[in-house]
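after the sequence you'll find the predicted model.
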Amino acid sequence: MSQPKPGDTRFLFVTGGVVSSLGKGIAAASIGRLLVSRGFRVQLQKLDPYINVDPGTMSPFQHGEVFVTEDGAETDLDLGHYERFTDENTSRASNFTAGGVYNSVIRRERRGDYLGATVQVIPHITDEIKNRILIVAESQAVDFVITEIGGTVGDIESLPFLEAIRQLYTDLGPERCMFIHLTLVPYIGHAGEMKTKPTQHSVNELRRIGVQPHALLCRSEQGLDRDIRRKIALFASVPEEAVVSARDVDNTYKVPLVFRAEGMDDLILDHFKIEADTPALGDWEELIKRADASREHKVKIALVGKYVQLEDAYKSVIEALAHGGWHHGVDVEVELVSSEDLSEEGLEGADGILIPGGFGERGIEGKVEAARIAREREIPYLGICLGMQIAVVEFARHVCGMEGANSAEFDPETPFPVVDLLPEQKEVSDLGGTMRLGADPVKLHEGTRAREIFDEAVIYKRHRHRYEVNNQLRRRLEDEGLVCGGTSPDERLVEIVELPDHPFFVASQFHPEFNSRPTRPEPLFRDFVGAAAERAAARTEPEPAEPAPAPERTA
Ligand code: GLN
């Protein structure tokens, strides 16, 4: 297929109605997967209606994880779905908020760029939104941009976004734009039927602002029957085949296959009058088969963290564990364990212990304890970012005898700041801008486990942190047996620590979870889950069972 030119790019807008949490991100990502499977280049984008300039400072309790892109943007977790489903990296341009839009417009106004004009939502805010959508097509050669509008139609907040896409449709026409609306079709038990009224209302709300959807994605427990489809089609003024059933599934990676069976991709290509190859979904079908077959073999991973009330706070970590599990033919059960009331019994039965990234002092001692248990009891351990710093603190205290060792983030007075700001960071720390964000090279040292796991000399991994292992104390840690398997190319920054003579004790300063794909698990996750699966097999079977056949290593 020839390289698409900016003028050829088609825009798909995905809006949501009735209620939130219908899985708009997964729906958009699944459409992306289908278009990729038909040979197109696709970029996805999320527009968030809140006023925060970016989600970097928002509480994961409320908002779920902060997803970090290669180019170092702190973004919404839906971008993780986009990357996992389409296998394309997102970027800074892939997510923006109402706050970010207003911020740019107000900065321009202060600079006098509007030459004294009255600055208004229409056209100034809407123009900024339109530019930020169009720029994705202009900066990259893509066939489709899929833009997901956060929030629910009818919210005051999302109005400027909807107005902007309405204008874009007027500017570019139906040959270049398509509106897809996701709604809920609830089943009312006592009436024994599905109800279309919420969908009707939501479509009306959308029309009131001038947007007539071309297709409806109807989320429901069961598939839609013919009568319901017909009724929705009639009220929403769309052809019957444009009412797509998005029934519940037990594994979100099945959604692209459900949409395919509903003819979603053909619907889109017909709308734009484009011909394309039949979809190549073999690898995806294979993946689903493997996931389904993995069910009987459970592996328990204790994820020791602070935000245990909300799984979304660790979305990419949990997904990466699942990917690793399917590779080995096992089903990873993640147990979220609160680091604040951690006990030895709480980790009973864990085949692996994972400490993810985090900020702030709360629950730190519980995490140190969890790392000690993993090290002493030879339970596979994967530490990520804070989880690596915790492993270093634990090792310093209990192996090197550095009593009171800590990260300067949690105890500025510690006699052994084994994790600290770099000297040059200290000078600028008042300015606040010292967070290391985005992909950086990591050199993997010969003869280490890290090198063996990745089987490469240099890898690129995403970061989001301020503190580093303290080079002044590093030597003492290494002398006692802590191995630095990976560092920055100049060896100043520790990127991976590991313990030899342990089934699996590896921790990274970077965030491997953002690079994991369902068909290509991230190597640290893959091998961590592999080690945990071995432990599970030894625990459950009196005789060591044959491990499930693993597919070829592809990472
Ligand atoms: N709080 C630690 C730091 O800033 C770890 C950050 C993280 O885990 N993402 O270095």
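On my side now, so go ahead.

tell me the centre residue of the protein?
Note on the chain: the residue nearest the mean C-alpha position is Gly80, at 2.5 Å, using CA atoms, centre = their mean.

my guess is that one contacts Val66. True?
No: between Gly80 and Val66 there is no contact under CB atoms under 8 Å: 10.1 Å. Yep, even glycine has a C-beta here, placed from its N, CA and C like the rest.

just to revisit the earlier point, in terms of pLDDT, where does the residue nearest to the centre of the chain sit?
Gly80 is assigned a pLDDT of 96 by the prediction.

can I get the host helix or strand of Glu534 as CSV, trimmed to CA atoms?
Assessed by DSSP states H and E, Glu534 sits inside helix 523-540. C-alpha atoms of helix 523-540 as CSV (Å, rounded to 0.1, in the frame of the first residue of the first chain):
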residue,chain,number,x,y,z
PRO,A,523,10.7,-9.8,28.6
LEU,A,524,10.9,-8.9,32.3
PHE,A,525,7.2,-9.7,32.7
ARG,A,526,7.5,-12.8,30.6
ASP,A,527,10.4,-14.3,32.6
PHE,A,528,9.0,-13.1,36.0
VAL,A,529,5.7,-14.9,35.3
GLY,A,530,7.7,-17.9,34.0
ALA,A,531,9.5,-18.1,37.3
ALA,A,532,6.3,-17.7,39.2
ALA,A,533,4.7,-20.4,37.1
GLU,A,534,7.5,-22.8,38.0
ARG,A,535,6.9,-22.1,41.6
ALA,A,536,3.2,-22.6,41.2
ALA,A,537,3.7,-25.9,39.5
ALA,A,538,6.0,-27.1,42.3
ARG,A,539,3.5,-25.9,44.9
THR,A,540,0.4,-27.5,43.4
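
what residues does the stretch 1-150 of the chain have near the ligand?
Within the stretch 1-150 of the chain, no position is near the ligand by CB under 6 Å from any ligand atom.

just to revisit the earlier point, give me the buried positions along the helix holding Glu534.
By neighbour count with 16 or more other CB atoms under 10 Å, helix 523-540 contains the buried residues 523-537.

tell me the pLDDT of Leu22.
For Leu22, the model assigns a pLDDT of 80.

look up phi and psi at the residue nearest to it when sequence neighbours are not counted.
Leaving aside its chain neighbours, Leu22 sits nearest to Arg219 (4.7 Å; criterion: CB to CB, 6 or more residues apart in numbering). As for Arg219, its main-chain torsions (degrees, to the nearest 10) stand at phi -80, psi 130.

taking the mean pLDDT, what do you get for stretch 43-61?
The average of the pLDDT scores along stretch 43-61 is 88.

tell me how far it is from the chain's mean position?
13 Å (CA atoms, centre = their mean, to the nearest Å).

now the strands for the stretch 451-555 of the chain?
For the stretch 451-555 of the chain, the strands defined by DSSP state E, counting those that start in this stretch cover 458-465, 468-469, 483-487, 494-498, 505-508.

for the strand or helix carrying Ala374, packing partners?
Taking DSSP H and E as the criterion, Ala374 maps to helix 364-376. Helix 364-376 sits against strand 298-305, strand 352-355, strand 381-384, helix 386-398, with contacts defined as 3 or more CB pairs under 8 Å, 6 or more residues apart in numbering; DSSP states H and E.

if you set the cut-off to 6 Å instead, what comes out?
The contact analysis (3 or more CB pairs under 6 Å, 6 or more residues apart in numbering; DSSP states H and E) places helix 364-376 against strand 352-355, helix 386-398.

contacting residues around that helix?
Applying CB atoms under 6 Å, 6 or more residues apart in numbering, the contact partners of helix 364-376 are 304, 339-340, 342, 347, 353, 355, 381, 390-391, 393-394, 398, 410.

now the helices for the stretch 1-150 of the chain?
Secondary structure of the stretch 1-150 of the chain (DSSP state H, counting those that start in this stretch): helices at 24-37, 60-63, 78-86, 98-111, 126-139.
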